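Student: need a structure here:
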Amino acid sequence: KKRPSALKLLDDSKVRYVLFTSADVSGKLGDLQVDALLERPEDKALPDTVFPDTHVTAAAGRFAVLAQHNETRVLEKIDGYLLSPLGVSKGKLEACREELRKVAMAGMSKGLAWQRVDVEAIVKKHGGSIPSEHDVTFVPPTNWRDILAQMDKRNAIVITGPSGTGKTTVAKALYCYYRGVVPGLNYVEPGGPGELKAKPNAGPTFFYVEDPWGKYEIGTNTAVWTAELQDRLLKATAQQKIVVTSRTDILAATGVSQADFLKQWEVRLEASHYGDKELSKMFERLVHLLSSGVLVMAAIRAKAWVLQKLRTPFEIDRFVALLRAGAIPPDENEDQFVSRVLDQTQTNAIEDQVQWMVSARHYEKAAVILWGLMAARSGVRRQDLPTIRRAIGKLDASFGFGLESLVNDLVAGGNLRQPGSDATYTHPRVEQ
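Tutor: Numbering: from 1, shown residues only. Coordinates of the predicted model:
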């Protein structure tokens, strides 16, 4: 697929431009400087002394400059992403980066667009994984037919249950299922009031709202958001579907009237909806995504033992995430290694593991900022992190240090989930 010219892409308001340069910027160009790839510049017109008049307004807020980025600094950033959260091992890091470079250069020379699927294929080839890759390992719970029946009947569902039972994974699986039923079905995660309204001209849409009463409980728009959500559930159609997930305790805290109203769409998802058969399939599919054959065989041999202790999708996912992050050390045999990882997987070890990671990597101040963001909305948008870090850095640069890296490491370790653009807790003990 040919890549349109940069000038042609100016017509698409969603397209952004980022200039990497080893030089510094000053004067009017200083307004365009950012510190991270996802950070947006100030929404100002471009300097007419540098850009043609036709571009000054059209590209306002869409053109950023990453200055003082020499080759060494660029490589550090690329390696940082490959190591965490993509999980490429240090031994395969250089080979992965070199293949990415060659494919990128070949595409640039021929004017070809670089597709995300191509990047993911190279990362996986070198032992890495995609944070949302667990979706391809989906094993339906025993009440999957009830969930589909509710969606087919009402085109809307509210999935409730305790933490760790796979509510987010089921929601994503529903989209994958209906994408094969409804041609051109678009996936949307609303960010708040105004983004959930039905859009007749937008085509088929699948809305997914994760933990609305936890994520949006703070702020002046709470009543507006709740009213809009209720209206959207009532008006769901075969072309405009909606899935809402919520922890049981949070839903109960919304009040009797709200909880009663939602019962007509509610389907519960409990740990009991995953029997031995389902957990066994889930375990095997996740384990076979590990890049190390030694770890795969160790996990398979310990399967029966592990599944006696781990009884929820969250625990199994976390166990495999911890396997992926380590290797059998010289001073441990296979059984000792699996036993230690199994102990770390148990919910009472989550706090210790997160605390150790924050302390060992000196993320204490970044953790304070992240905790505050998560407390306010129970989730944080990845694209907002650079802007937040930069704003905090103006007050105290030490509190901005490592914010994005902390989120990357928490996602890689299974402590935060990132099904889309939002990162949220996988378990309440992560927050504690």
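
Student: tell me the pLDDT of the closest residue to Ala171 other than its chain neighbours.
Tutor: Excluding its sequence neighbours, the residue lying closest to Ala171 (Cβ to Cβ, 6 or more residues apart in numbering) is Val243, at 4.7 Å. (Each C-beta comes from the backbone N, C-alpha and C, glycine too.) Per-residue pLDDT puts Val243 at 95.

Student: and what of Asn143?
Tutor: Per-residue confidence (pLDDT) for Asn143: 96.

Student: that one: what's it in contact with?
Tutor: 267, 269, 273 (Cβ atoms under 8 Å, 6 or more residues apart in numbering).

Student: redo that, cut-off 10 Å
Tutor: Shown in contact with Asn143 (Cβ atoms under 10 Å, 6 or more residues apart in numbering): 149-150, 170, 267-270, 272-274.

Student: sec struct for the residue nearest to Ala171, please.
Tutor: Under DSSP: H, G, I helix; E, B strand; the rest coil, Val243 falls in the strand class.

Student: that one contacts Thr205, correct?
Tutor: No. Using Cβ atoms under 10 Å, Val243 makes no contact with Thr205, being 11.6 Å away.

Student: and these two? Which one has more around it.
Tutor: Per other Cβ atoms under 10 Å, whichever of Val243 and Thr205 has more neighbours is Val243, with 26 against 18.

Student: who does the more buried one form a beta bridge with?
Tutor: Following DSSP bridges, Val243 is listed with bridge partners Ile157, Tyr208.

Student: how about Gly130, secondary structure?
Tutor: Just to correct that, residue 130 is Ile rather than Gly. Three-state call for Ile130 (three-state DSSP): coil.

Student: okay if I get the contacts of Asn143 as JSON lines plus neighbour count and pLDDT?
Tutor: Shown next, in JSON lines, are the contacts of Asn143 (neighbours: other Cβ atoms under 10 Å; pLDDT from 0 to 100):
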{"residue": "Ala149", "neighbour count": "13", "pLDDT": "95"}
{"residue": "Gln150", "neighbour count": "19", "pLDDT": "95"}
{"residue": "Val170", "neighbour count": "24", "pLDDT": "94"}
{"residue": "Val267", "neighbour count": "18", "pLDDT": "94"}
{"residue": "Arg268", "neighbour count": "16", "pLDDT": "94"}
{"residue": "Leu269", "neighbour count": "24", "pLDDT": "95"}
{"residue": "Glu270", "neighbour count": "15", "pLDDT": "92"}
{"residue": "Ser272", "neighbour count": "12", "pLDDT": "92"}
{"residue": "His273", "neighbour count": "21", "pLDDT": "95"}
{"residue": "Tyr274", "neighbour count": "24", "pLDDT": "94"}
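
Student: now the residues you listed as a markdown table including secondary structure?
Tutor: Converted to a markdown table, the contacts of Asn143 look like this (three-state DSSP):
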| residue | secondary structure |
| --- | --- |
| Ala149 | helix |
| Gln150 | helix |
| Val170 | helix |
| Val267 | strand |
| Arg268 | strand |
| Leu269 | coil |
| Glu270 | coil |
| Ser272 | helix |
| His273 | helix |
| Tyr274 | coil |
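
Student: what's the closest non-adjacent residue to Val209?
Tutor: Spatial nearest neighbour of Val209, chain neighbours left out: Val244 (4.7 Å); criterion: Cβ to Cβ, 6+ apart.

Student: how deep is the one you found tucked in, by neighbour count?
Tutor: When neighbours are counted by other Cβ under 10 Å, Val244 registers 25.

Student: now swap in Asp231 and tell me
Tutor: When neighbours are counted by other Cβ under 10 Å, Asp231 registers 12.

Student: give me the element it is part of.
Tutor: Using DSSP states H and E, Asp231 sits within helix 222-234.

Student: so which elements touch that helix?
Tutor: In terms of contacts (3 or more Cβ pairs under 10 Å, 6 or more residues apart in numbering; DSSP states H and E), helix 222-234 is packed against strand 156-161, strand 205-210, helix 212-215, strand 240-247, helix 256-262.

Student: between those, which one is closest to Val50.
Tutor: Taking Cβ to Cβ, strand 205-210 is the member of those nearest to Val50, at 40.1 Å.

Student: would you list the phi and psi of Tyr47?
Tutor: No, residue 47 isn't Tyr; it's Pro. Backbone geometry at Pro47, expressed as degrees, to the nearest 10, gives phi -60, psi 120.

Student: can you tell me which residues contact it?
Tutor: By Cβ under 10 Å, 6+ apart, Pro47 lies in contact with 27-32, 56.

Student: if we use 8 Å, what do you get?
Tutor: By Cβ under 8 Å, 6+ apart, Pro47 lies in contact with 27-29, 56.

Student: of those residues, buried ones?
Tutor: Leu29 (16 or more other Cβ atoms under 10 Å).
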